[in-house]
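> The following comprises the amino acid sequence and a computationally predicted model.
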Amino acid sequence: MKRFVMNERKDLIEAVQYYGFLPFFANAISGFSVEEMTPSSRWFTDLDGPWDWKGPVISEGDCVYGKFFAKKAGFVSNRWFPDFANLRRDGYDFDSRTEDGLSSYQEQYLYQIIAGHHSILSKDAKIQGGYMKPRGKGNDEWQPRKGFDTTITKLQMQCYVITSNFEYEMDKNGHFYGWGIARYAIPEEYPGKKKFTDRVYAHTPEESGKRILRHLRRVLPETEEVLLERLINM
């Protein structure tokens, strides 16, 4: 397996384009993650590192980001995302999945909130969907809707929703602080949507899976087939 070392943002972009698929966190394929390719001096330190690069890499790196791998985050290049989405969706667009009774009410409810916007911050989706109390709302009998984290993860695993950016809160002095807030979008409404929409169902799900596996065997030649299959399947 070709090794990358994440010293700069460009290293992460190059790795995503080379592999096509790159989990953010350690997983069953040893060494195959942003975490394991990052020197300790760049992981949770004062220096900028992958945690800071996620948003810019999404914008500049010709890739998408989301909870795609065993309910954990990672990158998929735009070259391979249509095949990946086709495989994960089993050939269904969301409307067809709903018509066939394959999506839950919770999934339909949250998907429609996200699909109703070009993109939406997670906190705004939570407020609009009733998962989080709006700022300034009194302590009345209001009860939050449950299940946001489980449902948004499921929609990302199925490739119906992606994380299109991360944004930061700003203090009164104009300084950014805290963790980045995820901004969600559906691939069909994201920049480059025509290219995605034209390609996502170009093959059968089985053909898409075979295409991805051929690619992964080439870039990860020492990895057992069962681990490659586990990486790309639900």
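Happy to help now that I have it.

> secondary structure element for K67?
Per DSSP states H and E: K67 is located in strand 63-69.

> What residues sit buried inside the following helix or strand past that strand?
Remark: after strand 63-69, the chain's next helix or strand is strand 72-77, criterion DSSP H and E. Along strand 72-77, these residues count as buried under the neighbour rule (16 or more other C-beta atoms under 10 Å): A73, G74, F75, V76, S77. Placement of C-beta: from N, CA and C, glycine included.

> which non-adjacent residue is nearest the first one?
Put plainly, it is A73. F24 (4.4 Å; C-beta to C-beta, 6 or more residues apart in numbering).

> That neighbour reaches V76, doesn't it?
No: checked against C-beta atoms under 8 Å, the pair F24 and V76 is beyond contact range at 11.5 Å.

> circling back: ok and the strand holding K67 relative to strand 72-77, angle-wise?
Per axes from the mean of the first three to the mean of the last three C-alpha atoms, to 10 degrees, the angle that strand 63-69 makes with strand 72-77 is 140 degrees.

> what distance separates stretch 155-169 from the centre of its chain?
Chain-centre distance of stretch 155-169: 5 Å, with C-alpha atoms, centre = their mean, to the nearest Å.

> got a pLDDT number for the spatially most central residue of the chain?
Per C-alpha atoms, centre = their mean, the C-alpha nearest to the average position across the chain is that of G66, at 0.9 Å. With respect to pLDDT, G66 has a value of 97.

> Then T45?
76.

> how close does it sit to T38?
Using C-beta to C-beta, to the nearest Å, T45 is found at 10 Å from T38.

> Looking at the two, which is more packed in?
Ranked by neighbour count (other C-beta atoms under 10 Å), T45 and T38 place T38 first, with 22 against 11.

> mind listing what that one touches?
V5, M6, G49, P50 (C-beta atoms under 8 Å, 6 or more residues apart in numbering).
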